[in-house]
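[1] Take a look and give me a structure for this.
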Amino acid sequence: MIDLSTLNEGQRAAVSAPDGAFLVVAGAGTGKTRTLTHRVAWLIEQGVAPWEIVLLTFTRRAANEMLERAQSLVGQRAQYVRGGTFHSFANQLLRRHGGPVGLSPDFSIIDRGDAESLVNWVRAEMGLGGRDRGFPTKKVLLNVISKSINTSRSIADVLVDEFPQYEHEAQQVEEVARVYQERKRAQQVVDFDDLLVLLAELLSKHPAARQEIAAKCRHVLVDEYQDTNKLQAKIAALLASTHGNLMVVGDEAQSIYGFRGARVENILEFPDSFPGARVLLLEQNYRSVMPVLDLANGVLDSARQGYGKRLFSELTEGPMPVAIAPWDEWEQADLVLEQILQRQREGVPLSQQAVLVRGSHQATPLELRLNERGIPFRKFGGQRFTEAAHVKDVFCLVRIVHNPRDVTAWLRVLTWFDGLGQKGAQGIAARIEQSLVPKLEPEVYKRRKYHAALVELAKVLEQASDLKEDVGELVEVLIDWYEERMPSLYEDYKRRLRDLEVIPSLAERYENLSAFVSEVVLDPVGEEEAHGHDEDALVVSTIHSAKGLEWDVVYLMSLINGAFPSGYALDDPEQMEEERRLLYVAVTRARRDLLLSAPQRLSSSRGQYFVPGNELLESIEDLHTLVAVADGGDAGWSSGKVQEAEEDEELIQYIMDFFDD
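    A predicted model of the protein is given here:
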């Protein structure tokens, strides 16, 4: 039997909960992963078949970590638990049951770049846009279509709310969206949004399919429920519709992805949506010292809605968070850099220090200072390994082998050859798409300059198709052929060759070609995961990219109205609530030391601007009891410096007047 004595009271209540609907409100650092892991193990111990447990998460890594921990508790049985990310689980179900919604088992999944290309093709075919007409670009079009789906708003409403300059084009944009959907179905490709839309359609409009699928979902567990959008919440409820066992875990105070369609209302309204549902609170924090948590609780006290949790920790001793008020962003960069180096001298590795900002551009002055001093740093939120152009090239070749009707992949590959432009490539791709047996037919183009290249391409694709049972070898064959073309595609091709060496080993992780093609697109591999990263480097990150991470020391920069909170939120109460939640997330990333920097002015592309105060900090009761105040000109962080600052009533009054102004 698994040992529940290591869990606290709240965790044990969640792990051993009976059947029914449960909301587990897990504050930052309260061990929600540990709780979900033990819940999975406990259910298996109670006799629930592992394959009847569905665990839905927002990252592949989170799902893998939980199942690995569950295996350590109950053995190999846990490996048969189903789930993963919402999108990957939708992919699995649609490949088996997608017939009623028009999908064949070998459909392809396109990423955002390829989706934009397809939208642009539709846009051009319809004669929309061009130099002389102010019509939305492909990026804007895809944004509008995606936001419409993820926020359950009409395209017209999205244009009015977020792209008013294109409001008069609503009818045309709706037509582009309609044709875009038709093209995807004809090519048997889906984008990320389609996976959720089509699964929701399958479960809600096809009772036989819903009954078959939901009957096998005896217990549905959802991680990070505060980040779900309307479709994801609907899918979770439909999966649990037969047995009624739905446990969602999340923290309403960490709902910070409203711009992606996440609805904090999903978690706030859960008890009303599921009558009889029980709410359990996890409040004991295992990450941060109590002074950091006091400030986090102060942030929550001013929230308009929530479950009234109070974070506490047995780590009662620790330094108070420190507030500084530098003159501008350049003095801010110098002061923060000084503290980074001081902490390093005291034995805190750079990798255990993080600088967090509301927007990535706010870190530019610091990044320049770091480069000047030769201090290594990693910036979170950058390009993923599998999003690099040359890596995508290889994946397009793989996608063609997997699904020869994937027009978007054909268009990328065909334009590599001399004499074959976009229009010619579209003609070849259209011919392949419309064929009963879709394949490249080089003999049709014997008189063309690119005939020999097409012959070579057809030959390597046929060779790769014979290797579908060995994904690693299939990829190696395609890479060998592709490497010969790289010098004509990229001037820095030698630097890019290193990345290609990694792809076969990535492919070998997957049991079949379908899994490889689907999962790599759904969960792109990062540079660090592909190559490893041993360097002791400072982390510079947006708060959004830092969610779920933690460091010994955190520097939170640019706390000034217009920067953080965002200027777009200052006059919108709902957006200000999300900014408050963002502050809570930032504060709770720190294990021990936390510095809040509130410059007196910042620069913008239009010149200097000065926005006094910070509405988020002003709303925290007794802020002066929760933070120590350091002189903006000498932000020493030693206990002596902090003690001096605490005794300097004049300095404290200055910083409080600044926040209250």
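[2] Centre of the chain to stretch 464-478, how far?
    30 Å (C-alpha atoms, centre = their mean, to the nearest Å).
[3] Following the chain onward from the helix or strand harbouring L43, which element is next?
    According to DSSP states H and E, L43 maps onto helix 32-45. Next along the chain after helix 32-45, taking DSSP H and E as the criterion, comes strand 53-57.
[4] how about the CA coordinates for stretch 511-524, as PDB?
    The C-alpha coordinates for stretch 511-524 follow below in PDB (Å, rounded to 0.1, in the frame of the first residue of the first chain):
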ATOM      1  CA  GLU A 511       7.300   4.000 -31.400                       C
ATOM      2  CA  ASN A 512       6.000   4.800 -34.800                       C
ATOM      3  CA  LEU A 513       6.000   7.500 -37.500                       C
ATOM      4  CA  SER A 514       2.500   8.800 -36.600                       C
ATOM      5  CA  ALA A 515       3.500   9.400 -33.000                       C
ATOM      6  CA  PHE A 516       6.700  11.200 -34.100                       C
ATOM      7  CA  VAL A 517       5.000  13.500 -36.500                       C
ATOM      8  CA  SER A 518       2.100  14.300 -34.200                       C
ATOM      9  CA  GLU A 519       3.900  14.700 -30.800                       C
ATOM     10  CA  VAL A 520       6.800  16.800 -32.000                       C
ATOM     11  CA  VAL A 521       4.400  19.300 -33.600                       C
ATOM     12  CA  LEU A 522       2.100  19.300 -30.500                       C
ATOM     13  CA  ASP A 523       5.000  19.700 -28.000                       C
ATOM     14  CA  PRO A 524       8.000  21.300 -29.700                       C
END
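[5] Enumerate residues external to it that contact any of its residues.
    Stretch 511-524 has contacts (C-beta atoms under 8 Å, 6 or more residues apart in numbering) with 59-60, 85, 87-88, 91, 95, 105-106, 108-111, 192, 195, 384-387, 395, 398-399, 401-403, 468-469, 471, 474, 506-507, 510. Any C-beta I mention is one placed from the backbone N, CA and C, and that applies to glycine too.
[6] do stretch 559-575 as well
    Contacts to stretch 559-575, defined as C-beta under 8 Å, 6+ apart, come from residues 258, 304, 357-359, 362, 558, 576, 578-579, 582-583, 596-602, 609, 611-617.
[7] follow-up on the earlier one: for the contacts of stretch 511-524, which ChimeraX command selects only the ones that are buried?
    Provided next is the ChimeraX selection string for whichever of those are buried by 16 or more other C-beta atoms under 10 Å:
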select :60,85,87,88,91,95,108,109,110,111,192,195,385,386,387,395,398,399,401,402,403,471,474,506,507,510
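[8] Please report how far A425 lies from L454.
    A425 sits 11 Å away from L454, going by C-beta to C-beta, to the nearest Å.
[9] now V540
    46 Å.
[10] Please go through this protein and pick out the longest strand.
    strand 590-597 (DSSP state E).
[11] which helices and strands sit right next to that one?
    In terms of contacts (3 or more C-beta pairs under 8 Å, 6 or more residues apart in numbering; DSSP states H and E), strand 590-597 is packed against helix 290-301, strand 322-324, helix 329-345, strand 551-556.
[12] Could you rerun that using 10 Å?
    Under the contact criterion of 3 or more C-beta pairs under 10 Å, 6 or more residues apart in numbering; DSSP states H and E, the helices and strands touching strand 590-597 comprise helix 290-301, strand 322-324, helix 329-345, strand 353-357, strand 551-556, helix 573-587.
[13] any idea of the mean pLDDT for it?
    For strand 590-597, mean pLDDT rounds to 97.
[14] So what's the gap between that strand and the chain middle?
    Its chain's average C-alpha position is 24 Å from that of strand 590-597, according to C-alpha atoms, centre = their mean.
[15] Mind exporting the C-alpha coordinates of that strand to CSV?
    The C-alpha coordinates for strand 590-597 follow below in CSV (Å, rounded to 0.1, in the frame of the first residue of the first chain):
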residue,chain,number,x,y,z
ALA,A,590,11.4,33.1,-5.3
ARG,A,591,12.5,30.5,-2.7
ARG,A,592,14.4,32.9,-0.5
ASP,A,593,15.4,36.3,-1.8
LEU,A,594,13.1,38.7,-3.7
LEU,A,595,13.9,42.2,-5.1
LEU,A,596,11.2,44.5,-6.4
SER,A,597,12.4,47.3,-8.6
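[16] what inclination does the host helix or strand of Q232 have with respect to strand 53-57?
    In the assignment (DSSP H and E), Q232 maps to helix 230-239. Between helix 230-239 and strand 53-57, the angle comes out at 170 degrees (axes from the mean of the first three to the mean of the last three C-alpha atoms, to 10 degrees).
[17] Using CSV, write out every CA atom in helix 230-239.
    Presented in CSV, the C-alpha positions along helix 230-239 are these (Å, rounded to 0.1, in the frame of the first residue of the first chain):
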residue,chain,number,x,y,z
LYS,A,230,-14.0,27.0,-22.8
LEU,A,231,-13.4,24.1,-25.1
GLN,A,232,-11.0,22.3,-22.8
ALA,A,233,-13.4,22.6,-19.8
LYS,A,234,-16.2,21.2,-22.0
ILE,A,235,-14.0,18.3,-23.2
ALA,A,236,-13.1,17.4,-19.6
ALA,A,237,-16.8,17.4,-18.6
LEU,A,238,-17.8,15.3,-21.6
LEU,A,239,-15.1,12.7,-20.9
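[18] could you dump the helices and strands packed on strand 590-597 to TSV with distance to V444, mean neighbour count and mean pLDDT?
    Formatted as TSV, the helices and strands packed on strand 590-597 follow (distance: least, C-beta to C-beta, whole Å; neighbours: other C-beta atoms under 10 Å; pLDDT from 0 to 100):
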stretch	distance to V444	mean neighbour count	mean pLDDT
helix 290-301	66	22	96
strand 322-324	70	26	94
helix 329-345	60	19	94
strand 353-357	55	26	96
strand 551-556	59	24	98
helix 573-587	55	21	96
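[19] These: which one's closest to R263?
    Of all the helices and strands packed on strand 590-597, helix 573-587 sits nearest to R263, with 11.3 Å by C-beta to C-beta.
[20] List the residues that contact N120.
    By C-beta atoms under 10 Å, 6 or more residues apart in numbering, N120 lies in contact with 129, 137-139, 141-142, 176.
[21] What is the burial count for the closest residue to G472 other than its chain neighbours?
    Among residues not flanking G472 along the chain, E508 sits closest, at 4.1 Å (C-beta to C-beta, 6 or more residues apart in numbering). Neighbours of E508 under the rule other C-beta atoms under 10 Å: 14.
[22] What of the one 5 residues further on?
    Under the neighbour criterion other C-beta under 10 Å, L513 is assigned a count of 24.
[23] do the same with the one 5 residues further on
    Look at S518: counted by other C-beta under 10 Å, it has 23 neighbours.
[24] For A90, see how far away it is.
    Distance of S518 to A90, given as C-beta to C-beta: 10 Å.
[25] Next: E52.
    For E52, the distance to A90 equals 18 Å [C-beta to C-beta].
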